[in-house]
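Colleague: Quick one, structure for this:
(2 chains)
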Amino acid sequence: MSAHLRITAAGPLVSVQDAGRFGFARFGVTASGPMDRLAYRAANAALGNRLDAAAIEVSLGGLRLDCLAGPISLAVAGAGFIVETDQAFGSWQVLTLAAGQSLTLRRGPWGSWCYLAVAGELKAPLWLGSHATHGSSGKGGGLVTAGMDLQIESPRVVGPDRALPCPVFARPRHRLHVTLGPQDRCFAPETLQAFLSSPFSLTAAGNRMGVRLAGPDIAPNVALTMPSEPIARGSVQVAGDGVATLLLADHQTTGGYPKIATVLDCDLDAAAQLRPHDAIGFTALTPAEAVARARLYAASTESYLAALAAAVTPLSS
Amino acid sequence: MSLYPIFRAVAEQAVLVEFGDAITAQAHRAVLHLDAMLADHPCLGFREATPAFVNLLVRFDPILTDHAAIETDLRRLIARPALQTRAQTQREVQVCYDAELAPDLPEVARRSGLSPEAVIAAHLAGDYTVFLYGFAPGYAYLGGVRAELQLPRKDTALRDVPAGSVIIAGAQCIVTTLMMPTGWWIIGRSPTAILQDDPARPFLFDVGDAVQFRRISRAEFEAAR
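Modeller: Next up, the predicted model:
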């Protein structure tokens, strides 16, 4: 038994993602995975799925699909998208589609990415053990485009439609916590001061690899001769022209530009929900403060996800 | 006492371990030593290590460990002598220098003051080692381009350079795996797959492997691709 969803419209950068492809950075393969990992996990939790099950990441370009065979329960989480079937909902919703029904997800009042999880097993290509779509090669689950049929094995219906709580930590985050460096030594003290005290904003030059920032000129004060080195998600890399780029889910694995700071991983999901022209600022933490913050965030998100999963009542399988 | 290793915090989830600021054989050996030690003796909370020329990024789970604790663990691993020096694995990569597949060969020859055949001979004579993968899947940076072929990269990148292109810049050589723009010099094309379809061994090289190029004819290239 399987359910079928036919994609009738899909914006750019709508893709299959799972938790990510880890362990291959040494071969030049970045982890990819959801831009907002919390919202992705919430959508899976709300259906009683494994938290790393394959799901669809939906960009501001939106998604429309017809259910050809069902019924199947779906969960939408992340941002404030508009969700329409025969009824209208917001993101953060569990609903069930029967054959013949359609679903539309479109840009709403806030946020940039939402996740459509399916109660069942989404059939999608694997690469190196992961369904996550690798941006520059397209390998893995791949882009979701109009005309495509998604097949879901062992579809389930998980109880009546219900709205999911959207926690405050899933909202866009404008003040981002960083540790300085690892190449803060490549910047003059007044440049570091400007980085931490000035307002920045996101530009429209952004995708899953990263987003360029607008703000003061924070050019490094050394020649750009450092050997290429590994890059972490969250790096704030500064090119010779003094323009900073915040590197995100599909970042390149190595690079030779200095990194003035690195945004805490636990702030990146909420940062991904910012939109172009949104204001941001940076606050420096010590490494110990950064770890303490990560532990608090993990405790809050895990209890939230556990509560979502506990509320699932399977009706049929 | 040496300034190195230097441990630099990278957000709450990683530490960058530096063994130098310029590319030297000694710094790279230290990177490979710690990488091998971590593979054999992963410390508490260890997630993933990414080796590069002179440093290693060590990602960890901040729930299980922190920067200070992992630095202590890593210093212990750095101090451990390698039980045995692992033999360097030899890999062979085929390369065809046919003019159509090597558009930059004449310009590399002109700039290096060699004939095109001498450029090919110098490229084949290099002792290459896989220093790191970077940029894109399977992009292995091979160090060891001979001094007479070391050129700065071009001023502008060329778009849509086909996968399998053998490209050089400075002391480095790459066999590309995807169609990509590049500002490096394209001196040949290889049918050897760096990205393999074998799930047990998805990439041809490991970091640290030795690579030898073997020249093939256009007919052999067409048959092998």
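
Colleague: Break chain A down into its structural domains.
Modeller: Using automatic domain parsing, the domain parsing of chain A gives A:2-167, A:175-284.

Colleague: how about those domains in JSON lines, adding mean neighbour count, distance to chain B and mean pLDDT?
Modeller: Every C-beta, even on glycine, is put in place using the N, C-alpha and C of the backbone. Shown next, in JSON lines, are the domains of chain A (neighbours: other C-beta atoms under 10 Å in any protein chain shown; distance: least, C-beta to the nearest C-beta, whole Å; pLDDT from 0 to 100):
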{"stretch": "domain A:2-167", "mean neighbour count": "21", "distance to chain B": "4", "mean pLDDT": "97"}
{"stretch": "domain A:175-284", "mean neighbour count": "19", "distance to chain B": "3", "mean pLDDT": "95"}
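
Colleague: Please identify which of those domains is closest to B:Ala125.
Modeller: Checking the domains of chain A against B:Ala125 by C-beta to C-beta gives domain A:175-284 as the closest, at 24.6 Å.

Colleague: Helices along the stretch 51-200 of chain A, start to end?
Modeller: For the stretch 51-200 of chain A, helices defined by DSSP state H, counting those that start in this stretch occupy the ranges A:189-197.

Colleague: could you pull out the strands for it?
Modeller: With strands called from DSSP state E, counting those that start in this stretch, the stretch 51-200 of chain A shows them at A:55-58, A:63-69, A:72-77, A:80-84, A:88-90, A:93-97, A:102-110, A:114-118, A:121-122, A:149-153, A:162-163, A:175-180, A:200-206.

Colleague: Now render these as a markdown table, adding distance to B:Thr24.
Modeller: Shown next, in a markdown table, are these (distance: least, C-beta to C-beta, whole Å):
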| stretch | distance to B:Thr24 |
| --- | --- |
| strand A:55-58 | 43 |
| strand A:63-69 | 51 |
| strand A:72-77 | 49 |
| strand A:80-84 | 52 |
| strand A:88-90 | 57 |
| strand A:93-97 | 57 |
| strand A:102-110 | 50 |
| strand A:114-118 | 46 |
| strand A:121-122 | 48 |
| strand A:149-153 | 52 |
| strand A:162-163 | 60 |
| strand A:175-180 | 27 |
| strand A:200-206 | 37 |
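
Colleague: circling back to that earlier point, could you export the domains of chain A as JSON lines, including distance to B:Asn55?
Modeller: Putting the domains of chain A into JSON lines (distance: least, C-beta to C-beta, whole Å) gives the following:
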{"stretch": "domain A:2-167", "distance to B:Asn55": "13"}
{"stretch": "domain A:175-284", "distance to B:Asn55": "5"}
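
Colleague: Out of these, which is closest to B:Pro81?
Modeller: Of all the domains of chain A, domain A:2-167 sits nearest to B:Pro81, with 23.3 Å by C-beta to C-beta.

Colleague: what's across from the most centrally placed residue in chain B in the sheet?
Modeller: Nearest residue to the geometric centre of chain B (C-alpha atoms, centre = their mean): B:Tyr141, 2.6 Å. Here B:Tyr141 sits in beta bridges with B:Leu132, as judged by DSSP bridges.

Colleague: Please verify my assumption that it contacts B:Gln172.
Modeller: Yes - counting by C-beta atoms under 8 Å, B:Gln172 is a contact partner of B:Tyr141 at 5.2 Å.

Colleague: Quickly list what's touching both of the two.
Modeller: Counting by C-beta atoms under 8 Å, 6 or more residues apart in numbering or on different chains, the residues touching both B:Tyr141 and B:Gln172 are B:Phe131.

Colleague: about what we covered before: and A:Thr283, which of the strands of the stretch 51-200 of chain A is closest to it?
Modeller: With C-beta to C-beta as the measure, strand A:175-180 is the member of these nearest A:Thr283 (5.4 Å).

Colleague: who does the closest one touch, helix- and strand-wise?
Modeller: Strand A:175-180 is packed against strand A:259-263, helix A:265-272, strand A:279-284, helix A:287-310, with contacts defined by 3 or more C-beta pairs under 8 Å, 6 or more residues apart in numbering or on different chains; DSSP states H and E.

Colleague: how about the ones you listed in a markdown table, adding distance to B:Asp40?
Modeller: Formatted as a markdown table, the helices and strands packed on strand A:175-180 follow (distance: least, C-beta to C-beta, whole Å):
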| stretch | distance to B:Asp40 |
| --- | --- |
| strand A:259-263 | 28 |
| helix A:265-272 | 27 |
| strand A:279-284 | 36 |
| helix A:287-310 | 26 |
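
Colleague: Of these, give the one that comes closest to B:Trp184.
Modeller: Proximity to B:Trp184 (C-beta to C-beta) singles out strand A:259-263 among the helices and strands packed on strand A:175-180, at 23.9 Å.

Colleague: angle of that closest one against strand A:279-284?
Modeller: 100 degrees (axes from the mean of the first three to the mean of the last three C-alpha atoms, to 10 degrees).

Colleague: What pairs with strand A:259-263, parallel or antiparallel?
Modeller: In the sheet, strand A:259-263 lines up against strand A:175-180 (antiparallel), strand A:235-238 (antiparallel) (DSSP bridges).

Colleague: what does it rub up against?
Modeller: For strand A:259-263, contacts defined as C-beta under 8 Å, 6+ apart pick out A:176-184, A:186-187, A:191-192, A:195, A:218, A:220, A:231-232, A:234-238, A:244, A:246, A:271, A:282, A:284, B:10-11.

Colleague: switch to 6 Å and redo it
Modeller: Outside of strand A:259-263, the residues within contact range by C-beta atoms under 6 Å, 6 or more residues apart in numbering or on different chains are A:176, A:178-180, A:182-183, A:187, A:195, A:232, A:234-238, B:10-11.

Colleague: for the strands paired with strand A:259-263, which one sits closest to B:Leu178?
Modeller: Among the strands paired with strand A:259-263, strand A:235-238 sits nearest to B:Leu178 (C-beta to C-beta), with 21.6 Å.

Colleague: and B:Leu57, how many neighbours does it have?
Modeller: 24 (other C-beta atoms under 10 Å in any protein chain shown).

Colleague: what secondary structure does it sit in?
Modeller: Recorded secondary structure, B:Leu57: strand (DSSP: H, G, I helix; E, B strand; the rest coil).

Colleague: Could you pull up the residues touching the residue lying closest to it once chain neighbours are set aside?
Modeller: Of all residues not flanking B:Leu57 in the chain, A:Pro230 sits nearest, at 3.6 Å (C-beta to C-beta, 6 or more residues apart in numbering or on different chains). Contacts for A:Pro230 (C-beta under 6 Å, 6+ apart) come out as A:Thr254, B:Thr50, B:Ala52, B:Leu57.

Colleague: quick one: which of these sit in strands?
Modeller: Mapping the contacts of A:Pro230 onto strands (DSSP state E) picks out A:Thr254, B:Thr50, B:Leu57.

Colleague: and the residue of chain B found nearest chain A, what pLDDT?
Modeller: Among the residues of chain B, B:Gly134 lies closest to chain A, at 3.1 Å counting by C-beta to the nearest C-beta. Model confidence at B:Gly134, given as pLDDT, is 88.
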